[in-house]
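S.K.: Predicted model and sequence below, questions to follow.
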Amino acid sequence: MQVYLVMREEEMPAADSLFLRDGFSGEAFLLAPFWLLYHTLWLPTLAYVLALIAIALLNVGFGGFLVLLMALHGFFGMEGQAMRAAELAKRGYRLREVVAADTLDDAELRYFTDMAPAPARPAPPAMPWGVPDQGDQP
């Protein structure tokens, strides 16, 4: 079961909501700089480049470089979606709902089903003997 964050702007229609899968992002882990640029995360991209330069300047050898690079990519894999949610919040998006579902389609279905107004309840049947008036009570 995965957790999805549903975000949208205040005046935006519900159909345009963004569903962000919370948790580890394999794409951000494997392709960190490209993933950050694709999602227009400029400050984290700058931080990635600076961290990469710092790792290169440490002169720890090729094995140490790979370990530190994997740690850097692991950080962006674990925190990438949180960075993306924070960037969307700065742009005016607000968290509307947290939905747990197996797939994105199930999360959308669950979210929009919960948003739909409940069907009107039928009126209770009238009592066959009638309802006593206020004047009939002792």
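M.R.: Cool, got the structure.
S.K.: quick one, what contacts Leu52?
M.R.: Leu69, Leu72 (C-beta atoms under 8 Å, 6 or more residues apart in numbering). Quick note: C-beta positions are derived from backbone N, CA and C, even for glycine.
S.K.: Look up how far Arg96 lies from it.
M.R.: Distance of Leu52 to Arg96, given as C-beta to C-beta, to the nearest Å: 36 Å.
S.K.: Against Leu109, how distant is the closest residue to Glu9 other than its chain neighbours?
M.R.: Take Glu9 and drop its neighbours on the chain: the residue closest to it by C-beta to C-beta, 6 or more residues apart in numbering is Gly92, 5.0 Å away. According to C-beta to C-beta, Gly92 stands 26 Å off from Leu109.
S.K.: do Ala123 as well
M.R.: According to C-beta to C-beta, Ala123 stands 31 Å off from Leu109.
S.K.: Pro119 too?
M.R.: For Pro119 relative to Leu109 (C-beta to C-beta), the value is 17 Å.
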